[in-house]
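Participant: Need a 3D model of the following:
(chains A, B and C)
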Amino acid sequence: MEVIEPKGHGQHAGMWVFPDASVMTEDVGEKTKAMPRPFTTALAVTGIFFVLGIVGFIARAVDDGFDDIAPWGYYMAIFSMVFMVTSGAPLVSLAFRFTKSHWRRPLSRVAELFSIVSILNLLMFIPLMFLLPDIANPEGVVEGELAVRKTIWFEGPIGAPHAWDLVGVLFLTITSMTILWISAKPDMAECRDTATGFRRWLYNFLAGNWYGTKRQWNAQKAGLALLGAFYFMILVFMHFVISSDYAQSLIPGWKDSIFPVIYTITSLQMSLGAILVVLFIMRRWGGYEGYIGKSTFWSASKVLLGVTLLWVYHLFAFFITFWYGRVEIEQNVIKYLITDTYAIIFLLNLIFSFALPFAVLLWNPVRRTAWGPALAGVLVLFGGLMFNIRIFVGSANAAPGSNLYRPFMEHIPAPVYPDVWDVFMVVGGLGAVIFLYLAATKLMPLISIWEMKEGTLYQKWGKFLRGEYLILGKPE
Amino acid sequence: MAKKPILGLFETADNAADAGDALKAAGVSPADYDFLTDTPYPEGAFGERPEPHKLYIFPFVGALIGLTVGIMLTSMTQMAYPLVQGGKPILSLPPMAVVTYESTMLTAIIFTIIGIIFESRLPAFKEGLYDTRITEGYIGVLVNVEESELTQTQTLLTQAGAIDVVLKAERISG
Amino acid sequence: MQEGKPLNSKQVNRELLVSILNSPKWFFGALSVLGFIVLVAMSTAGFMINQGFGVTGLNRPVMWGFFITNFVFWIGISHAGVMLSAILRLSKAEWRRPATRAAEILTVFSLMTAMTMPLIHTGRPWRTVYWIYTMPFVPFDYARGIWPNIRSPLVWDPSAVYTYLTSSILFVMVALIPDFAVLRDRTTGISHRIYGMLAMGWQGNARQWKLQIIAGVLLSALILPVFVSVHSIVSWDFGMAVSVKSWHSTIFAPYFVVGAVHSGVSAVALVLIILRYIYGWQNYIRHEHIDALARLLIVVATGWFYFFVMEVLFGFYGREADEIAVRNFQFMVSPWNIWMMIFVGITYFVPVAIWLSRSMRRNLWIMSLACILVNIGMWLERFLIIVPGLARKQLLTFDWYTYRPSSVEWIIIIGTFALVSMLMLTIARVVPLIPLYDIKEGEILRTEIKIGRVTVPAVFRED
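Facilitator: Got it, this is the predicted structure:
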């Protein structure tokens, strides 16, 4: 597609793009089919990482089995990272759609495609079910230990927590994929006639009955709104469950009401960061510069700045509350996760999740570029990895054996360093996400064609007196 | 020779923009004319000159001062009375962070306000050409020209659609 | 969506300045009634200071009751100003235009009112002179050579509240400059002189307007972090305390902030509906604005509810006997459990059910009712956090007690509501409660887009 010169004057030069609706389907369809060399190389490299991850997993399983959670700390960390990015991304899309902003249009599909990767969540979660220690003390009532360890499930109703957790993760995956399906239906319908092979079969299967009638559009809008609300609720619930079951409840005595909130915010921050990185790659190397104006980066980076500030605010709220009271268990938790055992990881977490992204995003001229927010995205992703390692490696190794059933963590454990299988699993997890995402981009268009076309109806460039400005219509 | 001001009042924004074009065509420098309105128009709507400013320096300077004062206040007060309280260290960083943060933000905001007023070239109580009809929705085009060109400019403004032309200065405020 | 009819500058000036340039008959009557209530409340506070705190319902261990609840409540209301003004300005929502000024002014007055609460709560308020310890006052006790203890949340509190108050006042004053210019041009005599001084010679040239717009955005961005910090610090008055169970929770900071936004935005919606009614501002405060506020409130209320559930759930999580005792008092003991049920119902379930219906969102009577319910509920929320925690303070069961407020406390609380209403009414005589230039800007930026046979309202955007 011929690139239309981006509009904007003065400091807003190049902010808005106005793609041509008439050639969009064909152009995006071609880009979806294309398999350029860098793409296949990336697919191959990440595929190799994926395989390494599986090797690491099998080696760990053979070495240590599934009886003790302690050796699986790094696996839990990478699961959590994958979970955070893939589960948070559709929420980013839904939230921006809810606010009816126009700049969000290029990023909706980019965000929703992460739901295909969320199948990985489900698969990675299954071993974690076996690893989670029982709520009831296997030794029964023992002096100095609790009969039932402290969890959000209290006395442990039937199936708790394993079955409930699995059902939750399953629902999350199914809901996010349903949202992707409903959202992508019009595009698949549009592309079904020009697609060939497997894509043609897939589009016919998923969108064979879509003809774009008024009734169908209304139903789609209502469906996305309802499912969006439902997804939001179930996502927040699952973040609460995973962060409690696999982190908080494994460190005896750690009672922290803000931790699920911090977990959710880190997830939002990371998924928004990942989306910005994908958008940058699309614009820079994918040929999508005619679809993604700098205004998308400018607006999304403000949200990322806000979420980054919220992150450090919640962290500080947690820290100062625990720090202030001089309660022994709270001091131990701080020493373990922040100041002593995992101090270096915490410092890296703080620098990469807050200090550096804040320094980058503070400057308006940087927020107006495409590389600035993408750089911030890379930084927060690394910071998120540090967060997950600190929390989940920490929780897996906090109270080995029967210490888990003691009321409080009495001794502060030493840090656990990764061995080669841990490294394989972490790298493999990251590779798997990228591999599956790349594969998904070949299944469905990476830009939401119908939303972009809708945008062309409501976004124009017009004259006002002696100046030219953006005109934004309000669809209602 | 000193430049004298002349103010043309226009009923619609289009007429005012026409006046701007006419002034530009007549060779009047963009630095010599201003558009006075009762509501903010988008930048460049009348074809007027861009207005560079250095407002962003003010919050940074203010924040730096606030940060320094905050750190000094919190650390010096704690060291002046080195009492261990509640088991907390003498130099307690988290409470220092809270108070320092507030003082940083306060000073940044105060300096920003000063900056806004300063960069707006306010207060400006001097005698100047103004008309109260501007706050009724009329648009003023204030031009500074040589005394010899006043009549010419008045004609230009009237031809562009000015409903009135003001030549005599009055104090803007009572 | 812009539903109203186009307005010109003269009409906007005439209609929005009606509260200042005209003297409605009911004004002095209303002011007298409110002033009388405030006077009674002040006398009662004087009586209380003279007689001692025995005239209140406060007693060991419930040392904090109505007054501190009220303090937190009014700090909460003050958060609406920044929420609406700053966040909506930054997100460039068109529907913020009539709401920002009233919200900002409500912020200033509710903050001032909130500060009177800890002042009278000291019992001997003249001694607070020793405590005036934050910018711009010098935090030093000259008589005894004592510095304030910055390790205490009770010292962080005034630093945050003064910062927020100063910032809000300055923000309002700067944003008022163009409107003072309009008033300067419309008045004579002493009013003209005063408005002229306040307008600082404003002409309305491009530079001045550009700086105004930047000021709005920059100050919004700077005040937002302050706004988050203020209520967090107020929450830490409770959160830092280890001795009172159910208070020492890490989630208090964001929980209180979201609760403040919830109550504050509801209060602003109520104020806007009242202003629309008493000044005839149907052209400016339209159903679409109240509709948008209600939809925002659904999100805020749901966020609040999430934090509430987290706070209660993690209260039970530790399964500590002393915490369970407090929760038992809150949820099982009458009448506290009844208040708890009422509070949850009227803070979340009833209002959100109302706000989910488009026709009810646009019915101003029902919206007013929903907003009043939210504010009663949020007042109850603070009460049910503070008092049960103290009534079951630790496991010293011999010290457990209850709390029954006296008439002195009721009168003073009612007095604060009258004070804020009186201040708002008075300020409406002096400054326009809807920003004139904001409305006018919305009018000139209006345009339309034709899509097929339909004409869609649109807006010109600079960025």
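
Participant: wait, isn't residue C:431 in contact with residue C:179?
Facilitator: Yes: the criterion here is CB atoms under 8 Å, and residue C:431 meets it with residue C:179 at 6.7 Å. Bear in mind the C-beta positions are built from the backbone N, C-alpha and C, glycine included.

Participant: Looking at the two, which one has more neighbours?
Facilitator: residue C:179 (27 against 20; other CB atoms under 10 Å in any protein chain shown).

Participant: I'd say the more buried one and residue C:434 touch.
Facilitator: No: counting by CB under 8 Å, residue C:179 does not reach residue C:434; the two are 9.4 Å apart.

Participant: So, low pLDDT: which residues of the chain?
Facilitator: I'll assume chain A. A:1-6, A:8-13, A:475-476 (pLDDT under 70).

Participant: not quite, I wanted chain B
Facilitator: B:1, B:127, B:169-174.

Participant: one more time with 80, if that's ok
Facilitator: Judged by pLDDT under 80, chain B has its weakly predicted residues at B:1-2, B:126-128, B:168-174.

Participant: Just want the most central residue of it.
Facilitator: Compute the mean C-alpha point of chain B, and by CA atoms, centre = their mean the closest residue is residue B:120, 1.8 Å away.

Participant: and if you look at chain C?
Facilitator: So for chain C, CA atoms, centre = their mean, it's residue C:77, sitting 1.9 Å from the centre.

Participant: So which bits of chain B are right by chain A?
Facilitator: By CB under 8 Å from any CB of the partner chain, the residues of chain B that approach chain A are B:13-14, B:17, B:20-21, B:41-47, B:50, B:86-88, B:94-95, B:97-98.

Participant: same thing but 10 Å
Facilitator: For chain B, the residues in contact with chain A (CB under 10 Å from any CB of the partner chain) are B:12-14, B:16-18, B:20-21, B:24, B:41-48, B:50, B:56, B:86-88, B:92-95, B:97-98, B:101.

Participant: is the strand or helix carrying residue C:15 anywhere near chain A?
Facilitator: For residue C:15, the element it lies in under DSSP states H and E is helix C:9-16. No: interface with chain A: helix C:9-16 contributes nothing (CB under 10 Å from any CB), its closest point being 16.3 Å away.

Participant: That helix: what's the following helix or strand?
Facilitator: Next element after helix C:9-16 (DSSP H and E): helix C:18-21.

Participant: and the helix or strand just after that following helix, what's its mean pLDDT?
Facilitator: Counting by DSSP H and E, the element after helix C:18-21 in chain order, helix or strand, is helix C:26-51. Averaged over helix C:26-51, pLDDT sits at 95.

Participant: quick one: whatever helix or strand comes next after helix C:26-51 near chain A?
Facilitator: Per DSSP H and E, the first helix or strand lying C-terminal to helix C:26-51 is helix C:66-82. No: for helix C:66-82, no contact with chain A is found by CB under 10 Å from any CB; the gap never falls below 13.7 Å.

Participant: Now do the helices in the stretch 201-350 of chain A.
Facilitator: Along the stretch 201-350 of chain A, counting by DSSP state H, counting those that start in this stretch, helices occupy A:214-246, A:259-284, A:294-325, A:328-334, A:343-350.

Participant: Residue 229: neighbour count?
Facilitator: If you meant another chain, say so; for now it's chain A. 14.

Participant: let's do chain C instead
Facilitator: Neighbours around residue C:229, by other CB under 10 Å: 23.

Participant: what do you get for residue C:197?
Facilitator: 15.

Participant: Quick check: it touching residue C:173?
Facilitator: No: with contact defined as CB atoms under 10 Å, residue C:197 does not reach residue C:173; the gap is 12.0 Å.

Participant: Now list whatever residues contact both of those two.
Facilitator: residue C:180 (CB atoms under 10 Å, 6 or more residues apart in numbering or on different chains).

Participant: Return the backbone torsion pair for the residue lying farthest from the centre of chain B.
Facilitator: Distance from the centre of chain B peaks at residue B:87, with 51.1 Å (CA atoms, centre = their mean). The phi/psi pair for residue B:87 (degrees, to the nearest 10) reads phi 80, psi 10.

Participant: Kindly report the same for residue B:8.
Facilitator: The phi/psi pair for residue B:8 (degrees, to the nearest 10) is phi -100, psi 140.

Participant: Return the residues in contact with it.
Facilitator: B:15-16, B:19, B:23, B:33, B:131, B:138-143, B:153-154, B:156-158, B:160-166.

Participant: Out of the residues you listed, which end up buried?
Facilitator: B:15-16, B:19, B:23, B:33, B:131, B:138-143, B:153-154, B:156-157, B:160-162, B:165-166 (16 or more other CB atoms under 10 Å in any protein chain shown).

Participant: Next, check those against the strands and list the overlap.
Facilitator: Within the buried ones among the contacts of residue B:8, residues falling in strands by DSSP state E are B:33, B:139-143, B:165-166.

Participant: I'd assumed residue A:78 was in contact with residue A:428.
Facilitator: Yes: counting by CB under 10 Å, residue A:428 does reach residue A:78; the two are 7.8 Å apart.

Participant: tell me, what's touching these two both at once?
Facilitator: Contacts common to residue A:428 and residue A:78, judged by CB under 10 Å, 6+ apart, are A:53, A:56-57.

Participant: Return the subset of those residues lying in strands.
Facilitator: Among those, no member lies in strands (by DSSP E).

Participant: circling back: whichever of the residues of chain B next to chain A end up buried, select them in ChimeraX.
Facilitator: The ChimeraX selection below is limited to those of these classed as buried (16+ other CB under 10 Å):
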select /B:13,16,17,18,20,41,42,43,44,45,46,48,88,92,95,97,98,101
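
Participant: returning to that earlier point: shared neighbours of residue C:431 and residue C:179, which are they?
Facilitator: C:17, C:20, C:101, C:195, C:198.

Participant: and the residues you listed, which two are the farthest apart?
Facilitator: C:101 and C:195 (16.0 Å; CB to CB).

Participant: element containing the residue of the stretch 351-463 of chain C found nearest chain B, please.
Facilitator: Going by CB to the nearest CB, chain B is nearest to residue C:440 of the stretch 351-463 of chain C, at 3.7 Å. Using DSSP H and E, residue C:440 sits within helix C:436-444.
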